[in-house]
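*Asks:* Would you be able to build a 3D model of this:
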Amino acid sequence: MNTALWIAQGLFGAMFILAGIMKSTQPKEKLAKNMPWVNDYSATQVKLIGVSELLGGIGLILPWYLVIVPILTPVAAVCLGLVMVLAAIYHFNHKEYPGIGVNFVLFAGVIFIAYGRF
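*Replies:* Numbering: from 1, shown residues only. Reported below is the predicted structural model:
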């Protein structure tokens, strides 16, 4: 079980870190080409979402690895799960159904981490 959790933490942590870096560093106009939802939010809000994903991705890996306040790993996973629920609600309201599938997979992964590490 520990090996599966570490694999999940590495994969989902890397995905959230990369997504967070992209959303927090790229201009909103460039992001809008592949993510039309950014047009409904200010540049500051998009960067806040990016920073949240970046910090959450780091939180999936570092606290447990460094054994420094390891409870932060499942807390980060729960917080990222909440972000995915909010994203799925947005996609549902805008009839962007393929986006909900992606959010569900990410939600399932972080909840697996949260369950395993709590």
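*Asks:* Mean pLDDT per element in this structure, and the minimum belongs to which helix or strand?
*Replies:* helix 28-32 (a mean of 91; mean pLDDT, DSSP states H and E).
*Asks:* Please state the offset of it from the chain centre?
*Replies:* Taking CA atoms, centre = their mean, to the nearest Å, one finds helix 28-32 lying 19 Å from the centre of the chain it belongs to.
*Asks:* Contacts for it next, please.
*Replies:* Here helix 28-32 makes contact (CB atoms under 8 Å, 6 or more residues apart in numbering) with M22, K23, V38, N39, A43, V46. Where C-beta positions appear, they are placed from N, C-alpha and C, glycine not excepted.
*Asks:* packing partners for the following helix or strand past it?
*Replies:* Later in the chain than helix 28-32, the nearest helix or strand by DSSP states H and E is helix 43-66. Here helix 43-66 touches helix 2-25, helix 28-32, helix 72-93, helix 97-117, going by 3 or more CB pairs under 8 Å, 6 or more residues apart in numbering; DSSP states H and E.
*Asks:* Now helix 43-66: average pLDDT?
*Replies:* In this model, helix 43-66 has a mean pLDDT of 94.
*Asks:* Distance from that helix to the middle of the chain?
*Replies:* With CA atoms, centre = their mean, you get 7 Å for helix 43-66.
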